[in-house]
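In: with the input below, show me the fold.
(one chain, ligands or ions: 1)
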Amino acid sequence: MLKGRLEDDRMLTGRGKYVSDWNLPGQAYGHFVRSDRAHADIVSLDATAALAHPGVLGVFTGEDIKGALKSLPCALPVKGRGGMELIHPGRPALAQGRVRFAGDAVALVVAESAVAAYDSAELVAIEYRDRDVVVTAGQAVAQGAPLVHDSVPGNLVMDYESGDDGGSKAAFAKAARTIELEVDISRVVGNPMEPRACLAHYDAGAEMYHLYTCTQGAGIMRNQLSAVLGVPPEKIRVIAEEVGGGFGVRFNVYPEYCAALFAARKLGCPVKWTGTRSEVFLADEQARDVRSRGALALDSNGRILAMRFEMLANLGAYLAPTGPFINTIGIVNCLSGVYDVPAAYARIRLALTNTAPMAAYRGAGRPIMSYALERLVEHAARELGMDPAELRRRNFIRQFPYKIAAGFEYDSGDFSGVLDKALKAADWNGFSARKAEAARRGRLLGRGMSTYIEATGAGFAPQDQIELRWNKEGGLTVYAPTHNHGQGHETTYAQLVSGVLGIPMEKIGLRTAGPDFYITGNATGGSRSLLAVGGVIYLGAQALVKKGMAVAAEALEAAQADIEFVEGHYRIKGTDRRISIQQLAAKHPGQLDLAYANKFGSCFPNGCHIAEVEITPETGEAQIVSYVACDDAGNIINHQIVEGQVQGGLAQGAGQVFSELAVYDESGQLLTGSFMDYAMPRPGEVAGLKLLDHPVPTKLNPLGAKGVGEAGVTGSLPALMNAVVDALRQAGVSSFEMPATPRRLWEALQAAHRRAA
Ligand code: MCN
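Out: Next comes the predicted model:
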């Protein structure tokens, strides 16, 4: 049995090739001049002094790219209220006439060395005329707010709705009880280990663009680049080996990549750019930042008759390619959670502000829904004086398939089974004793639950293509569209192929974004890689075995009908005459290679997470003392990797709940622009972790697998905050928003104390 993952050795011994490890002969170095203010007109820009600096090859501005580069793309495949179309105001690769957030790229300086590029960037003289700024979505949609783009009235790019408005209103009118809760889903910065970087190259002879960059998948990024560069995707290669984390913020094309490709073509040499951590904070896509007002209508037995949500999302200064999708469909695809609700409705308004553009971060919309809903359900249980587990159980969906009001169809699940397992593991009934014991020590012990569901597997590309190609040594390379950047694909894909072909996993390699091949399909995202691309690989491997039958028959000089495939060998039935598939492939180069494509759609992993959080009132410190996660990810291919994925997701959930927060001041300056002010979760913060699974295989893909990469976040955000709120309630704090930092907790407790006194 393999220990760890196939990719670990390479990465742990420093042999991984990350984006800024790439170099090309004759390359130059780029540095971006960024806006130091949130909203202003560019009155003048003078690059004379920078151009005169030794080693500087060129300075490119918004004026230079006009006509040559189109806007970064963004689309939403659905309409809003009253048939409203998404208003996409456009985003140039370099600001044109106006900057709209602190960090907006204004010019690209290219020089013979990185130092010269950096030094000369200081010499680009820009005169600005400041404009009024809007920072929050609430400010943006207020009457008379300054406009971020003149083409977007009221800063509203989309007023979206989904579900059953009339039905839910009618249910509210006759409900025995209605319960409301308003919550903030805070703003976070993705922060992968590797800051963004690229090496841009234009091959004039072949008229091909080559972009070495941080990507979650070449296919989508190539299509987005094609829209900006105005050339067909076939003329573009996106190349990567190791990418130091993705988390959703490495999915889309960024303006810097487009500007670097433009400069590389103009200058006739490759241009390399390595971003800094400060640039991650300023100019990577950020995520969440949604205010939600939710309401439940209940009958006298605690059955939910209807639910309604009003959400306002901050999309930043420009539309990131996937920003509107994530903040509409990405939210409502699990609109009513795991509950059998006759009528559910959500309205989501998307507003522009003078802050960094917003898009995906692990969970991409679904954590917003699960947080809004699971906080509301837990709050309802308190208000009704009901056990939160019982309120949930009473309302669970029990029949599948189940179509939610937003139109999506859940395929399978056993929500009561998941709940039962989690309750047992968390010793649900023993909580009051633990709480009393904590109280004796002067601590506040709170408990929170979530029974989440999320959609995994969607994808924009119509098909996922794979190729299986043998090398001379009997090794096999899998070519796939989903980039592996921490999820262990090299291992799990190899497991699937090895299981079918009977060859050792170590003989199976993975490539996803190279200069020498062109695979189309969806990127890693939406926790789709295993269920979708893994499913295609699995079927592809089976098709390969079939394809080899004729070749084996010839090699073994037998009729094809007499050949069988057993444990990695083609054999003449009833004899010991056989040849291994590796030998056969080596003897007949190319004949056992295979290209295959298919697409498997969304399925719905779910789970029950139960957290216990202990707060020390004197210091405001909060500690997770117990965390049970029972997840249904369908059939599991690799338990160790799945546990790692759930743990990682959980750490990101804990980060958002306890420490992370992106803060802009009223002038639009990012106050949390470094790890000194933005606190990432640390090892050891999640104690008492118990991970269980309750697989209910889906029939929607050949593996029976559901996605798991984001489950930890989607489940943990509400479970952890419910626990924090429960602990605070004991001390008289009635409302509290993320993040539960020691200072904020202490202040809330002090304020409650003063009120009581
Ligand atoms: N798996 C399995 N059995 C299942 C489901 C998954 O064995 N039933 C395995 C898969 O084979 C894969 C891993 O678990 O090795 C995660 O699979 P999957 O749920 O398909 O998710 P993806 O591989 O598509 O990963 C994407 C998901 C997302 S959307 C984000 S964001 C994210 C995440 O995974 N970013 C990550 N996990 C991350 N982990 C790391 N280390 N780094 C990131 O950037």
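
In: which positions in the protein make contact with the ligand?
Out: By Cβ under 6 Å from any ligand atom, the residues of the chain that approach the ligand are 245-248, 362, 485-489, 492, 524-531, 534, 633-638, 641-642, 645, 648, 705-710. Every residue, glycine included, has its C-beta placed from N, CA and C.

In: can you tell me the closest non-neighbouring residue to the residue in the stretch 551-700 of the chain that the ligand sits nearest to?
Out: Nearest residue of the stretch 551-700 of the chain to the ligand, counting by Cβ to the nearest ligand atom: residue 637, 3.4 Å away. Nearest non-adjacent residue to residue 637, counting by Cβ to Cβ, 6 or more residues apart in numbering: residue 492, 5.0 Å away.

In: got a list of what that neighbour touches?
Out: Residues near residue 492 by Cβ atoms under 8 Å, 6 or more residues apart in numbering: 530, 534, 637-638, 641.

In: quick one, strands of the stretch 1-150 of the chain?
Out: 28-34, 40-46, 56-61, 98-99, 105-111, 125-130 (DSSP state E, counting those that start in this stretch).

In: cool, the stretch 501-650 of the chain as well?
Out: Using DSSP E, counting those that start in this stretch, strands in the stretch 501-650 of the chain cover 508-511, 563-566, 569-572, 578-580, 594-598, 606-616, 621-632.

In: so of those strands, which one's packed in deepest?
Out: The highest mean neighbour count among those, using mean count of other Cβ atoms under 10 Å, belongs to strand 606-616: a mean of 28.

In: got the angle for that strand vs strand 621-632?
Out: If you take axes from the mean of the first three to the mean of the last three Cα atoms, to 10 degrees, strand 606-616 sits at 170 degrees to strand 621-632.

In: quick check: which helices or strands does strand 606-616 pack against?
Out: helix 415-425, helix 431-440, strand 444-453, strand 621-632, helix 711-729 (3 or more Cβ pairs under 8 Å, 6 or more residues apart in numbering; DSSP states H and E).

In: quick one: the longest one to chain centroid distance?
Out: Read that as helix 711-729. 20 Å (Cα atoms, centre = their mean, to the nearest Å).

In: so where's the protein shaky on pLDDT?
Out: Scanning the chain for pLDDT under 70 picks out 1-2.

In: give me that answer again for 90
Out: Along the chain, the model assigns pLDDT under 90 to residues 1-4, 458-460, 473, 601, 682-688, 757.

In: tell me who's in contact with the closest residue to residue 116 other than its chain neighbours.
Out: Sequence neighbours aside, residue 55 is the residue nearest to residue 116 in space, at 3.6 Å (criterion: Cβ to Cβ, 6+ apart). Counting by Cβ under 8 Å, 6+ apart, residue 55 touches 111-113, 116, 120.

In: kindly report the same for residue 326.
Out: Applying Cβ under 8 Å, 6+ apart to residue 326 gives the contacts 287, 359-360, 364-365.

In: look up how far residue 590 lies from it.
Out: 42 Å (Cβ to Cβ, to the nearest Å).

In: out of the strands of the stretch 1-150 of the chain, which one sits most buried?
Out: Greatest burial across the strands of the stretch 1-150 of the chain, using mean count of other Cβ under 10 Å, falls to strand 105-111, with a mean of 25.

In: give me the residue from the stretch 401-550 of the chain nearest the ligand.
Out: Taking Cβ to the nearest ligand atom, the stretch 401-550 of the chain has residue 486 as its residue nearest the ligand, at 2.3 Å.
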